[in-house]
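> Could you look at this predicted model? Sequence included:
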Amino acid sequence: MKKINLVITGCLGRMGQQIIKSSKNEKNFKLVSVTENRLINKKISGLKPQLNSEAAFKNANIIIDFTVPKCTMEVLKIASKLKKRVVIGTTGFSKKEENLIKKYSRKIPILKAGNMSLGINLLIYLTEIVSKSLGNNFLSKVFEVHHKHKKDHPSGTALMLGKGIAAGKNKDFYKISGKKYLNKNSFPYSNKINFNSIRKGEIVGNHKVYFSSGKETITLDHEAFDRALYAEGAFTAAKWLIGKKPGLYSMRDVLNFK
């Protein structure tokens, strides 16, 4: 099998570094370029980092992007022009940016996931099923914990879980999304979906979805211990995306969850 030429953006970021490290164990991929938002005078994995540009992306079969929304939009603009596939693990997009991603996906294949973990994507699937089964008799809320360096809150995964709750109830997420708390010891249920985010230490990621009737509580829980699992998921997504037509895909498509 011919190797897949890979570009990794945000090469100095926590996930960028992890994906570069994990790429050494991925026999189907060849790392051809790495990028950062500033020029760096040192080589990373034998490559001199470049700025996001046509030159940096020209030899790519696929680009893996775990950066920040502004950078992702820059990457998509160039990738769209060059007709390159993109796997997006970036989170924290505005509604306007989400719509731009949909627009770009009409030209190129894009796989976007707030979390690349198999377990998390199964959790989102189960959240939909539970939400649908329990109906309106149960209130729900989402709790998440991440390392102190994580800038956005709630996490992209927490928002995906909230969207899973909304989908189960056949409601518009943006209409039933409630308050977003940060570093609270406890937070309430309401008629909307409330979120609480904790930022501390070096925790990789912990997510919980609570459903309560006032008489009983159901909790769905996932904890990640190793950031490598996200990189492995990104490579699984990248392999799957090769050969796909333009469109906006998710890990749900990769894992064939109905």
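It's in.
> Quick check: the residue nearest in space to the middle of the chain vs Glu26, distance?
The centroid of the chain falls nearest to Gly114 when counting by CA atoms, centre = their mean (2.0 Å). Counting by CB to CB, to the nearest Å, the gap from Gly114 to Glu26 is 22 Å. Just so you know, the C-beta spots here come from the backbone N, C-alpha and C atoms, and that holds for glycine as well.
> so what does the helix or strand of the chain at the bottom of the mean pLDDT ranking touch, helix or strand wise?
Least confident element among the helices and strands of the chain, by mean pLDDT, DSSP states H and E: helix 251-255 (a mean of 91). Packed against helix 251-255, as judged by 3 or more CB pairs under 8 Å, 6 or more residues apart in numbering; DSSP states H and E, are the following elements: strand 109-112, helix 118-134, helix 228-241.
> Relative to Arg252, which of those is closest?
Comparison of these against Arg252 by CB to CB identifies helix 118-134 as nearest, at 6.3 Å.
> burial of Glu36, as a residue count?
By other CB atoms under 10 Å, 19 other residues sit near Glu36.
> Just the local confidence number for the nearest residue to it once chain neighbours are set aside, please.
Distances taken as CB to CB, 6 or more residues apart in numbering place Pro49 nearest to Glu36, at 4.7 Å, with adjacent residues excluded. Note on Pro49: pLDDT of 97.
> Next one: Pro49 from Val34, what distance?
For Pro49 relative to Val34 (CB to CB), the value is 5 Å.
> so what's the residue nearest to the centre of the chain up against?
89, 91, 155-157, 159-160 (CB atoms under 8 Å, 6 or more residues apart in numbering).
> Assumed it was part of a strand.
No. Going by DSSP: H, G, I helix; E, B strand; the rest coil, the assignment for Gly114 is coil, not a strand.
> So Thr91: helix, strand or coil?
Classified using three-state DSSP, Thr91 is coil.
> can you list the helices and strands packed on helix 251-255 in a markdown table and add distance to His147, mean neighbour count and mean pLDDT?
Below are the helices and strands packed on helix 251-255 laid out as a markdown table (distance: least, CB to CB, whole Å; neighbours: other CB atoms under 10 Å; pLDDT from 0 to 100):
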| stretch | distance to His147 | mean neighbour count | mean pLDDT |
| --- | --- | --- | --- |
| strand 109-112 | 22 | 24 | 98 |
| helix 118-134 | 16 | 18 | 95 |
| helix 228-241 | 13 | 21 | 95 |
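> Nice, that's everything, thank you.
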